[in-house]
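coordinates for the following, if possible.
(one chain, ligands or ions: 1)
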Amino acid sequence: MNKGKVYLVGAGPGDYGLITLKGLDCIAKADIIIYDRLVNRDLLKNAKPGCEFIYVGKKSSNHIMAQDKINETIAENAACDKIVVRLKGGDPFVFGRGGEEAEVLYDQGIDFEIVPGVTSSIGGLAYAGIPVTHRDFASSFHVVTGHAKKDDSLDINWDSLAREKGTVVFLMGIGNIKHITEMLVTHGRDPKTPVAFVSNATNYRQRTVKTSLEDAYDCVRREGIKAPSLFVVGGVVGLSDKLGFYERKPLFGKTIMVTRTRKKNSDLRQKIDELGGKTFELPTIDIKDKENVGRILLERLKRKTYSHIVFTSHNSVDIFFKSLIKEGYDFRGLAGFRIASVGSATSRAIRKYGFIADIESSQSTGQDLAKLILKDIREGGFDSPSVLFPCSEIASRVMEEVMESGQVDLDRVDLYTNTVNMDIKDELLDILKKEDIDYITFTSSSTVKYLVEILGDDKDLIRDIKKVSIGSVTSQTIRDLGFDLDIEADQASIDSMILAILEDVNK
Ligand code: SAH
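Purely as a prediction, here's the structure:
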C-alpha cells in the first residue's frame, strides 16, 4: 500500500505562533514541504533533518511555479510514499486554491487531509484591532477576492455587496482598488464609510492605515500601500484605535539579530517576540560534545570528592548533567559539593536538573566568579578545597589562574568543542542585505568573534547596527574587533539585555 500522504496545511497569517498544533505536527513529520511566499519561514525550522523544501512563491503577476506544476509536484511526491506538506498562508481554503489542489489529489486517489489555519481575513484584522463583527457595527462579514479573472472582470454582485451592512474584507485587492471603491460607491455604499488597509498583518512590518471609502484609491498611492494587504470596509474599522494591541507593543517593528549557539527557541527570542519585536536568529556557534565526556566525568567523580563545582555556561551545565545521566551516575554523589555559577541564565540551567547554585556572580566574567569561589573557600574553612571545572574547550584560563593564586586545586574537564558555524553565511548575508536590522545581541565573546569571522570581508554590513552586549568581557571583544559598542546590560542576563534595548527604544 502507498504510504504517501498529503497534508494541506494552513500556516496562519504570519506570526509564528498562529499555526495550529496539528499543523506544526505535520511540519515535523514531513519528508517534503512545498510552501508559499506568505508563509513564515521560521516555521520550516521545525522540520526534521533531511526534509526537502520547495518554494512555490506566488506573486499574482509573476508565478514562480504555475499551479499545474505545483499540483504535479505534490502528487508525484505523494506517489513516492512521502509525507508531503503543502504549506499555505492563512487558511488553505480561503483563496489559496487549496480546494483545487485537494481535488487533484482526490482524482488521483492520493490520501490527503486538510489542516485549517487562521485566515488573514479574520486573524490579520484582529492584530490591527479590527473585529470582523461587533454588535454595534456589523452582524455579518464578507470575504471577497479583489483579484480579477483573466478577462479583467471581478465576479462580484456589487449591488448586494454595497447594500450589505456587514464588514467587507477584500483580499488581493490593492491592484484593483480604484475599481472596487468606485463600484461600492456607485452601487450605493456611503462614500464616507470608514475603511482600513492592513499590510503585512501579524508580522513586524504590519501597518494599519485608515481613511474613508471615497479616499481609499488616493490613499494607496499617497501612502505607498502594497501587497500583501487587506482592505476592510465598515464601521468596525474605528475600533482599531482602542483594540490595536499589536502595534502598541514596546518593541513593535524593531528588528533584532540574535547570535547564539545551535539551540532551538532561545529565551531571548521568546522574550523579544512577546514584546512585539522581530528576531532573526543566527546560530553562529556549533557546540559538539567531546568524545567520552560522560566516562571521563564519571572517573573523576569516583576518584575524588570536590568541595566545589563551577559552571560558566549553560552548555556546560547541560552536557555535564546529560552525559552523567547517560552513564547512570547516582547524583547523590554530588551531595556535599558547593555549586558556583556565572550569571542567572547558568543558574537557571542548573535548576532544571534539580540543583541550586550556592554561589552566583552577577557579572559575566570568570574572574569575578573565581574570586567569589576563593572567598567562599576561605570563609567555609574547607580542609582540602578542590574545584571541578567542566567547561568549553575554549573557556579562558582565568579560573585556573585565580585558583592557583589561592593555592586551590582545580580539575578542568573540557566537555565540548565550540566551533564557528559557517553554514549560516548565505542566510546571514541575505538578511543583512535585505532587512533593516536595528540591534544585534551578543551573549558571549565567541558570538562576536564568530559572527565577524563568518562575515569575513563583509563585516562592514554590521557597522551601523546597534550592538548590545551581555557584559564587560563581551563588550571588550566588540571593541577589540573594531566596532563601537552601543549598549551593555547591567546584569549578565537575558532580561537585563532586553531592558537595555527597551530603554534605548524609549530614548
Ligand atoms: N489563504 C490566505 C489568503 C491567500 S490570498 C488566507 O487565508 O489568509 C493572498 C491575499 O491574502 C493577499 O493578497 C492579501 O490580501 C491577503 N493576506 C494574506 N496574508 C496577509 C497578511 N499577513 N497581511 C495582509 N494581507 C494578507
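
ok and the residue in the stretch 251-400 of the chain nearest the ligand?
Across the stretch 251-400 of the chain, the shortest distance to the ligand (Cβ to the nearest ligand atom) belongs to Lys278, at 13.5 Å. Bear in mind the C-beta positions are built from the backbone N, C-alpha and C, glycine included.

tell me the contacts of that residue?
If a contact means Cβ atoms under 8 Å, 6 or more residues apart in numbering, then Lys278 has 203-204, 253-256, 272 as its contacts.

ok, of those, which one's closest to Gly336?
Using Cβ to Cβ, the shortest approach to Gly336 within the contacts of Lys278 belongs to Ile272, at 40.5 Å.

name the nearest residue to the closest one, sequence neighbours excluded.
Excluding its sequence neighbours, the residue lying closest to Ile272 (Cβ to Cβ, 6 or more residues apart in numbering) is Thr279, at 4.7 Å.

partners of the strand or helix carrying the one you found, with directions?
With secondary structure defined by DSSP states H and E, Thr279 is part of strand 278-289. Next to strand 278-289 in the sheet, as set by DSSP bridges, lie strand 255-261 (parallel), strand 409-420 (antiparallel).

coming back round to it: drop anything exposed from the contacts of Lys278.
Neighbour-count burial (16 or more other Cβ atoms under 10 Å) is assigned, among these, to 203-204, 253-256, 272.

dump these into TSV; add pLDDT and distance to Ser405 as well.
Supplementary listing: the buried ones among the contacts of Lys278 in TSV, determined by pLDDT from 0 to 100; distance: Cβ to Cβ, whole Å:
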residue	pLDDT	distance to Ser405
Asn203	94	53
Tyr204	94	50
Gly253	95	50
Lys254	97	44
Thr255	97	45
Ile256	96	40
Ile272	93	41
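
quick one: which of those residues sit in helices?
In this view, those that belong to helices under DSSP state H are Ile272.

show me what residue of the stretch 401-507 of the chain gets nearest to the ligand.
In the stretch 401-507 of the chain, no residue comes nearer to the ligand than Glu435, which is 16.9 Å away by Cβ to the nearest ligand atom.

oops, could you answer that again for the chain instead?
Across the chain, no residue is closer to the ligand than Gly90, which sits at 1.9 Å (Cβ to the nearest ligand atom).

now, which of the buried ones among the contacts of Lys278 sits nearest Asn506?
Distances from the buried ones among the contacts of Lys278 to Asn506 were compared by Cβ to Cβ; the smallest belongs to Lys254, at 11.4 Å.

show me what contacts the residue nearest to that closest one when sequence neighbours are not counted?
The shortest distance from Lys254 to any residue other than its chain neighbours is 4.4 Å, reached at Gly277 (Cβ to Cβ, 6+ apart). Listed by Cβ under 8 Å, 6+ apart, the contact partners of Gly277 are 204, 249, 251-256.

intersect those residues with the contacts of the ligand.
Checked against the ligand using Cβ under 6 Å from any ligand atom, the contacts of Gly277 give no members in range.

between those residues, which sits nearest His314?
Compare each of the contacts of Gly277 with His314 using Cβ to Cβ and the shortest gap goes to Ile256, at 20.2 Å.

doesn't Phe280 make contact with that closest one?
Yes - in this structure, Ile256 sits in contact with Phe280. The criterion is Cβ atoms under 8 Å, and the distance is 7.2 Å.

intersection of neighbour lists for the two?
By the contact definition Cβ under 8 Å, 6+ apart, Ile256 and Phe280 are jointly contacted by Ile437.

before we move on, back to that, downstream of the strand holding Thr279, the next helix or strand is which one?
Downstream of strand 278-289, the next assigned helix or strand under DSSP H and E is helix 293-303.

thanks again, I'm all set now.
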